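Asker: below are the sequence and a predicted model for it; my questions follow.
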Amino acid sequence: MQEEKIMTEQESLRLISRTIYEAKGYYYESGMSALMYGFSVFVCSILCYLRDEKIIAFPFHPFYLLIPVFFVLGWAQMKEDKKKKAKTFTDEAIDYVWMGFMLSALAAFAAGFAGLYYISIAIVLILISLATFLTGMIAKFKYHIVCSFIGWALAIVSFFILNPNIYLLLAFDAVMVWVIPGFMLRAAFKKIHGGE
């Protein structure tokens, strides 16, 4: 019985610690993951567009280039997580949102194996908008909320074009959702943590 009470007290202290860090607005987010992922999706989208327009030849689908990027991002995220003093509820919720996005996007890309590349990109645009909306709501970041509505509009348009131009919509979405916020986070990080 005594052991249960100690465990509960320890959990309470952890909860209080996490809440204090969250209330202070503490975060250790350098923006590098968003920048790496955003630029990677942008480049792959442009390469897909150029390949489908027969401007360049590519020996495989350019989105396969994202596979090594995921490993590099995983390593960078683990390294950054070690530097965080506490993982807030907001951090966890946003991590779960984007984990759900990644798994759903992989499932959507399975449509590409059936030759439905353009449909899979349209679905991914919807999923990006959903994850962006949830992130904006959880983090109270109005920029992401606005981006999600623009992204949904792009997704609707994408169902009507279903041609190589759909990759340009994805490239634009990548810049809007990951690259611009990545630079915002990078600037805030440098302001708070200096040259770290």
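Answerer: Yep, it's here. Residues are numbered from 1 along each chain as shown.
Asker: now do the buried residues in the lengthiest helix in the chain.
Answerer: Among the elements of type helix in the chain, defined by DSSP state H, the one spanning the most residues is helix 89-113. Counting neighbours by 16 or more other C-beta atoms under 10 Å, one finds that the buried residues in helix 89-113 are 90-91, 94, 97-98, 101, 104-105, 108-109, 111-112. The C-beta positions use only the backbone N, C-alpha and C, and glycine is treated the same way.
Asker: same deal with stretch 66-77?
Answerer: Quick answer for stretch 66-77 (16+ other C-beta under 10 Å): 66, 69, 73.
Asker: who touches it?
Answerer: Outside stretch 66-77, the residues within contact range by C-beta atoms under 8 Å, 6 or more residues apart in numbering are 32-33, 36-37, 40-41, 44.
Asker: hmm, back to that, outside of the helix or strand just after the longest helix of the chain itself, list whatever touches it.
Answerer: Per DSSP states H and E, helix 89-113 leads on to helix 117-139 as the next helix or strand towards the C-terminus. Contacting residues not belonging to helix 117-139 are listed as 48, 90, 93-94, 97-98, 100-101, 104-105, 108-112, 141-149, 151-152, 154-155, 158-159, 162-163, 166-167, 169-170, 173, 177 [C-beta under 8 Å, 6+ apart].
Asker: helices or strands up against the helix or strand following helix 117-139?
Answerer: Per DSSP H and E, the first helix or strand lying C-terminal to helix 117-139 is helix 142-161. Counting contacts by 3 or more C-beta pairs under 8 Å, 6 or more residues apart in numbering; DSSP states H and E, helix 142-161 packs against helix 117-139, helix 165-174, helix 180-193.
Asker: which residue is the nearest non-sequential neighbour of the residue positioned nearest the centre of the chain?
Answerer: With distances taken as C-alpha atoms, centre = their mean, Trp98 lies nearest the centre of the chain, 5.6 Å away. Using C-beta to C-beta, 6 or more residues apart in numbering and skipping the chain neighbours, the partner closest in space to Trp98 is Ala131 (5.8 Å).
Asker: pLDDT score assigned to that neighbour?
Answerer: With respect to pLDDT, Ala131 scores 95.
Asker: begin at 4, not 1, for the rest of this chat.
Answerer: In the new numbering, first residue 4, that becomes Ala134.
Asker: tell me how many other residues crowd it.
Answerer: As a burial measure, Ala134 scores 23 neighbours (other C-beta atoms under 10 Å).
Asker: if I look at it, how far off is Cys150?
Answerer: Between Ala134 and Cys150 the distance, using C-beta to C-beta, to the nearest Å, works out to 11 Å.
Asker: just to revisit the earlier point, the longest helix of the chain versus helix 120-142: what angle between them?
Answerer: Relative orientation of helix 92-116 and helix 120-142, computed by axes from the mean of the first three to the mean of the last three C-alpha atoms, to 10 degrees: 170 degrees.
Asker: can you tell me which helices and strands helix 92-116 packs against?
Answerer: The helices and strands touching helix 92-116, judged by 3+ C-beta pairs under 8 Å, 6+ apart, are helix 5-26, helix 120-142.
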